[in-house]
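# no sequence for this one, just the structure:
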């Protein structure tokens, strides 16, 4: 009898074969279409411990092995104040996937959970700042985050419904506060449902967001709580019943914006209106 393959090999094989069309191909498509990786890059792959960032780490690791474009990777885990069991789960999953993580600590949960309004927004901003700072310290020029196709759609709708603005999530952007640093999103074209399918197929269990706010949401009667993102997820699920392609339509629309039809827009932080060129 042949020797059984190690779990990380089986997991990689599932990405390369069973989920090639839904995970590997859209990952490669995003990297190429949006020119996310260039020769000589040193990229901090930012791992929160959830399914998205763990899959991203594995995808980036697999790409580095076969890429004709040489680049370096650092697998960066920031502990924002996890309890001991959550910290152990991240370390176990990293070992299982053969991801050589580098961990540093912060007090972000303690700060974010001390405010009553917009704790998720504050937590996200603080996380990003700490990650940029640590990545720059490690001589990286880019950080990679695990936002996916579904995040792009939800963020667009949240901005429209609750922020009174039509604003999308970019596949990459330059940091305004850390000179020479860039943020990339290699999972930009991957659907969340396909990430969940891959996770279940491989019997993997990853960390959920472990802060006080999301624990309250999980205990709410309707499963939605006060989270606007969960509200939007539910809305999209309902809309997909009648239009299965609605997410693709929203995604395509942010790639086909026609400014000639907008009464006003912002560019470079400056507001413009159609009246400027109307006559």
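Yep, it's here. Because the structure is a prediction, the values reported are computed rather than measured.

# C-terminal to the top strand by length along the chain, which secondary structure element comes first?
Determined from DSSP state E, the single longest strand within the chain is strand 72-79. Sequence order places helix 84-97 as the next helix or strand after strand 72-79, per DSSP states H and E.

# Which positions in that next one come out as buried?
By neighbour count with 16 or more other C-beta atoms under 10 Å, helix 84-97 contains the buried residues 86, 87, 89, 90, 93, 94, 97. No exception for glycine: its C-beta is placed from N, CA and C like everyone else's.

# The longest strand of the chain to helix 84-97, inter-axis angle?
160 degrees (axes from the mean of the first three to the mean of the last three C-alpha atoms, to 10 degrees).

# Strand 72-79: partners in the sheet, and parallel or antiparallel?
strand 42-47 (parallel), strand 101-105 (parallel) (DSSP bridges).

# quick one: average confidence on the longest one?
Per-residue pLDDT values over strand 42-47 give a mean of 98.

# Run through who's touching that strand.
Strand 42-47 is contacted from outside by 37, 53-54, 56-57, 60, 71-78, 90, 94, 99, 101, 131, 134-135, 138-146, 184, using C-beta atoms under 8 Å, 6 or more residues apart in numbering.

# how far is that strand from where the chain is centred?
Distance of strand 42-47 from the chain centroid (C-alpha atoms, centre = their mean, to the nearest Å) equals 12 Å.

# buried set for the next helix or strand after it?
Proceeding C-terminally, strand 42-47 gives way to helix 51-66 as the next helix or strand, assigned by DSSP H and E. Residues of helix 51-66 classed as buried by neighbour count (16+ other C-beta under 10 Å): 51-61, 63-64.
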